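>>> okay, predicted coordinates and the sequence, questions at the end:
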Amino acid sequence: MRFGLMLSLMFVLAGCSTASHPTDTTATTPGTEGAVADAASCAAAGGEMKPLGRLQRVQCVKPYADAGKACSAKTDCTGQCLADGETELVAGAKARGVCQTDVSQNFGCRQRIDNGVAQGTICVD
């Protein structure tokens with residue numbers, strides 16, 4: 001009984017060991033081909049790849065068609081309707097803003113305008 005238990009335990013432990021596998025050094029890094037394709041399609045769409053946010057994740061940044069247009073709600077814009085940034089507005093006050101220029105404005109501190117009313121300031125890393 002004791003011998004059978006020890007033998008079973010050895011088989012279980014042997015199954016947990018890792019054997020070295022030969023590695024193919026000619027293979028591409030995972031995701032490299034996709035990144036090249038993404039960069040090409042981004043450039044074709046008029047954008048450029050930029051690191052954004054605290055994590056510096058590379059994203060395609062292309063200008064929105066309505067960038068800088070006057071707005072009073074998110075529905076007026078492709079992106080967000082943002083306060084102009086000159087002065088901080090009181091949350092809840094009537095306000096107009098401008099449509100954000102591109103996705104990079106999603107990071108940092110900003111104040112949204114929705115339904116003609118200033119929202120609170122939010123900061124995103």
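Nice, thanks for sending it over. Numbers count the residues shown, from 1 in each chain.

>>> was I right to think Gly53 contacts Val124?
Yes. Between Gly53 and Val124 there is a contact under C-beta atoms under 8 Å: 7.4 Å. Just so you know, the C-beta spots here come from the backbone N, C-alpha and C atoms, and that holds for glycine as well.

>>> now do the closest residue to Asp125 other than its chain neighbours against Ala40, distance only.
Closest residue to Asp125 apart from its sequence neighbours, by C-beta to C-beta, 6 or more residues apart in numbering: Arg54 at 3.6 Å. For Arg54, the distance to Ala40 (C-beta to C-beta, to the nearest Å) stands at 27 Å.

>>> again with Gly79
24 Å.

>>> more neighbours: which of Arg54 and Ala40?
Shown here are Arg54 and Ala40; by other C-beta atoms under 10 Å, Ala40 has more neighbours (11 against 8).

>>> the residue nearest to Pro63 when sequence neighbours are not counted: what's it in contact with?
Residue nearest to Pro63 in three dimensions, not counting chain neighbours: Asp102, with 5.1 Å by C-beta to C-beta, 6+ apart. Contacts for Asp102 (C-beta atoms under 8 Å, 6 or more residues apart in numbering) come out as 61-64, 67, 79.

>>> using TSV, lay out the residues you listed together with neighbour count.
Formatted as TSV, those follow (neighbours: other C-beta atoms under 10 Å):
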residue	neighbour count
Val61	17
Lys62	14
Pro63	16
Tyr64	17
Ala67	15
Gly79	18
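
>>> from those, which land in helices?
In helices, defined here by DSSP state H, there are no members of the contacts of Asp102.

>>> which among these gets closest to Arg110?
Gly79 (10.7 Å; C-beta to C-beta).

>>> confidence score at the residue lying closest to that closest one once chain neighbours are set aside?
Leaving out its chain neighbours, the residue that sits closest to Gly79 by C-beta to C-beta, 6+ apart is Gln100, at 3.9 Å. Note on Gln100: pLDDT of 96.

>>> any idea how far Gln100 is from Arg112?
9 Å.

>>> mutual contacts of those two, please.
Each of 80-82 lies in contact with both Gln100 and Arg112 under the rule C-beta under 8 Å, 6+ apart.
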